[in-house]
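Q: What follows is a protein structure lacking sequence information:
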């Protein structure tokens, strides 16, 4: 049912029965390294192009998920997947290897949560029982596509973020499973464009979208930040997170500093790993959600997490044409789920 | 509920309460010209780039839809939209002008039907009541992005199709409305890649995906082609349609020649308008569905239409790297809906 104007509440509380994450060396060397299912040292993953490598990460992530859940691909009703590559080609190409109906989703770095919400809606409709949500990104493929050829060695400004190389997938099921995280509520964002046109400062472009979505969610559910164990954005990085705090306080009178973290700031050691403002890319929020966050929700370390993934919907052409960056943020409330079951 | 392995049946039969189409001069000069809501002679639509022009077509299409249905943008629960531009930028940018939650969808030329299926699932879930599905394409923007700069004047081979300039939108509602077309069933496709790598022969690449989806649909519903007033593909063009007939007959033992048409062949006068194998692009199936087809379903000229939109999920980079083209086809069964109401 709907709560307020923008929030949807899932009466059947779709279950996240499994999740998987795979990353490359730099992410494996970061503070969350031990929590990922697989770390591939070689960012080429044995392929002959960065795009093929991203596809291989994506495909492997779905493979790990199927292995972990013991569900065969032919028993999955649908995959919602997307990525940053033009025409979502990591997702489309990787789905050649699975015999599963496929719906392409585009939300830039918000794709992880957007795909998961679509899967939850499909499950709630009763039309689907087992859905995968999935996403990927690759540092080299993204730099090549959105910024400069790596060989050019362009200097990265302090506000720039580092695209995570990896992929993440989750299995959302309709039949209420005990002992796994539940999707309670969700919010699909609206486009916000505050006039930022600097493709090297995504955090600043996306912060207002995150602020709007978080404020809408808290308003519609009549809750406060302290009602959540954690509010996670992905991925504003350090610059965008600071802006988010200011915006939330000035525009909405809400402080989230005490309960907020950002997957872009969780992924790397910012100084030692020279990532400037933090991590980014579809796989940033995706892999943190599908490792540390879902693990901790599952074990009860976190009981209630509001995860808000942000996307900057620019293209190279729009940037060249001087367009500002339309941004969006989608949120999902995931709980440990055991509280209600023991009632 | 699910029927067979791949077909979903909507118990609440979502209503298509309104639809809109806008095209440019070439499409307006074609056989369906009088059925579109608006024909804009200038393909630039007063903008300074083809991408901005496509965005303007898209935005206007949604505007016409809101006008026709009398529904305010703030009363729409979600827009599912996508297009061919990198990062779906026509959709993302046009949604800056509407205050509606937005989910980006990518299915290349299958986006019109894929968006509509997503809207129908959302309505069926009960979480959304009023959903827009929407898509756009632009000949010049697509040629520039996927093939050659127009100024280069590259020779187009006979198998090439002409990207439709335009946009189309539909309003899908949950509350069962009388006297409007109903979405009865749908099928989300699986990727098919038969090894075609020629970006100038999309019809051949996509025909096997269309064949698979149509065969799956007929199998799961235990129906025959003659059970439908029309089976429409969009958009295989003349080359792909002929291949579809052969594939259906050889691989599945089914002949659809007598009930089939293709939006790529319906859009233009093939000889006089020099479009080679026919129309293509997200707006091809979109605008034909949201003009002639839905008009005729609504008036009862057609009672039962199976509309199967096909997408070729290549990118320029994948083509340069010699990759073959993963293709997909999604189908939706739309009925006049009055038959059941009089029961």
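A: Cool, got the structure. Just so you know, these numbers come straight off a predicted model, no measurement behind them.
Q: And chain B, is stretch A:79-87 touching that?
A: Yes: residues of stretch A:79-87 are located near chain B by CB under 8 Å from any CB of the partner chain, namely A:82, A:84, A:85, A:86, A:87. For glycine as for every other residue, the C-beta is placed from the backbone atoms N, C-alpha and C.
Q: out of everything not next to it in sequence, what's closest to whatever residue of the stretch 201-343 of chain A ends up closest to chain B?
A: Distances between the stretch 201-343 of chain A and chain B by CB to the nearest CB are smallest at residue A:313, namely 3.5 Å. Spatial nearest neighbour of residue A:313, excluding adjacent residues (CB to CB, 6 or more residues apart in numbering or on different chains): residue B:92 at 3.5 Å.
Q: what sits against that neighbour?
A: Residue B:92 sits next to A:106, A:191, A:313, A:326, A:328, B:102, B:104 when contact means CB atoms under 8 Å, 6 or more residues apart in numbering or on different chains.
Q: Sketch out the low-pLDDT regions of chain A for me.
A: Residue ranges of chain A with pLDDT under 70: A:176, A:339-343.
Q: what do you get if the cut-off is 80, keeping everything else the same?
A: A:175-178, A:338-343 (pLDDT under 80).
Q: ok, the nearest residue to residue A:303 once chain neighbours are set aside - contacts?
A: For residue A:303, ignoring the flanking residues on the chain, the nearest one in space by CB to CB, 6+ apart is residue A:336 at 4.7 Å. By CB under 8 Å, 6+ apart, residue A:336 lies in contact with A:181, A:182, A:297, A:298, A:300, A:302, A:303, A:304.
Q: same check, this time on residue A:285
A: The neighbours of residue A:285, taking CB under 8 Å, 6+ apart as the test, are A:109, A:110, A:112, A:113, A:232, A:234, A:235, A:263, A:307, A:309.
Q: same thing with residue A:216?
A: The contact partners of residue A:216, taken as CB under 8 Å, 6+ apart, are A:4, A:5, A:6, A:7, A:187.
Q: one more time with 10 Å
A: Residue A:216 is in contact with A:4, A:5, A:6, A:7, A:187, A:189, A:190, A:252, A:329, A:331, B:101, counting by CB atoms under 10 Å, 6 or more residues apart in numbering or on different chains.
Q: So which of the residues you listed wins on neighbours?
A: Top of these by neighbour number is residue A:329, holding 34 neighbours under the definition other CB atoms under 10 Å in any protein chain shown.
Q: how close does the residue nearest to residue A:316 when sequence neighbours are not counted get to residue A:137?
A: Distance criterion CB to CB, 6+ apart; nearest residue to residue A:316, sequence neighbours excluded, is residue A:146 at 6.1 Å. Separation of residue A:146 from residue A:137 (CB to CB, to the nearest Å) stands at 11 Å.
Q: intersection of neighbour lists for the two?
A: Residues touching both residue A:146 and residue A:137 by CB under 10 Å, 6+ apart: A:84, A:163.
Q: Please say which of those two ends up with more neighbours.
A: residue A:137 (32 against 19).
Q: is it true that that one touches residue A:284?
A: Yes: if you go by CB atoms under 10 Å, residue A:137 and residue A:284 touch, sitting 7.2 Å apart.
Q: Tell me the residues that contact both of the two, please.
A: A:109, A:112, A:163, A:164, A:166, A:168.
Q: how about those residues in TSV, adding secondary structure, distance to residue B:47 and neighbour count?
A: TSV is the format used below for the shared contacts of residue A:137 and residue A:284 (DSSP: H, G, I helix; E, B strand; the rest coil; distance: CB to CB, whole Å; neighbours: other CB atoms under 10 Å in any protein chain shown):
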residue	secondary structure	distance to residue B:47	neighbour count
A:109	helix	28	37
A:112	helix	33	37
A:163	strand	31	26
A:164	coil	35	36
A:166	strand	38	38
A:168	strand	38	36
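Q: which ones are touching the residue of the stretch 201-343 of chain A closest to chain B?
A: Taking CB under 10 Å, 6+ apart as the contact definition, residue A:313 lies against A:106-110, A:191, A:193, A:205-206, A:209, A:325-328, B:87-89, B:91-93, B:95-96, B:102, B:104.
Q: If we use 7 Å, what do you get?
A: Contact analysis of residue A:313 by CB atoms under 7 Å, 6 or more residues apart in numbering or on different chains lists A:108, A:326, A:327, A:328, B:87, B:89, B:92.
Q: any idea how far residue B:136 is from the last one?
A: From residue B:92 across to residue B:136, the span is 11 Å (CB to CB).
Q: next one: residue A:315
A: From residue A:315 to residue B:136 the distance is 14 Å (CB to CB).
Q: Tell me which of those two has more neighbours.
A: With neighbours defined as other CB under 10 Å, residue A:315 and residue B:136 compare such that residue B:136 has more, 38 against 25.
Q: just to confirm, which helix or strand has the more buried one in it?
A: If you go by DSSP states H and E, residue B:136 is part of strand B:130-137.
Q: so how far is whatever helix or strand comes next after that strand from its chain's centroid?
A: Where DSSP H and E defines the elements, the next helix or strand beyond strand B:130-137 is helix B:139-146. Put simply, helix B:139-146 sits 18 Å off its chain's centre (CA atoms, centre = their mean, to the nearest Å).
Q: go on, stretch A:174-193?
A: Put simply, stretch A:174-193 sits 13 Å off its chain's centre (CA atoms, centre = their mean).
Q: That stretch: end-to-end distance?
A: Taking CA to CA, to the nearest Å as the measure, stretch A:174-193 stretches 36 Å from start to finish.
Q: what's the burial count for the residue nearest to residue A:52 when sequence neighbours are not counted?
A: Spatial nearest neighbour of residue A:52, excluding adjacent residues (CB to CB, 6+ apart): residue B:321 at 7.6 Å. Number of residues near residue B:321 (other CB under 10 Å) recorded here: 14.
Q: Ok, the one 3 residues further on next?
A: A total of 17 residues lie near residue B:324 under the criterion other CB under 10 Å.
Q: what does residue A:33 give?
A: A total of 16 residues lie near residue A:33 under the criterion other CB under 10 Å.
Q: how about it, what does it touch?
A: Counting by CB under 7 Å, 6+ apart, residue A:33 touches A:27, A:39.
Q: What sits closest to residue A:193 if chain neighbours are left out?
A: The nearest residue in space to residue A:193 (CB to CB, 6+ apart) is residue A:326, at 4.6 Å.
Q: close enough to count as contact, the one you found and residue B:93?
A: Yes: in this structure, residue A:326 is within contact of residue B:93 by CB atoms under 7 Å, at 5.7 Å.
Q: Quick one: name the residues of the stretch 1-150 of chain A near chain B.
A: Selection of the stretch 1-150 of chain A residues close to chain B by CB under 7 Å from any CB of the partner chain yields A:1-2, A:6, A:8, A:49, A:51, A:78, A:82, A:85-89, A:92-93, A:95-96, A:99-108, A:114, A:118, A:121-122, A:124-127.
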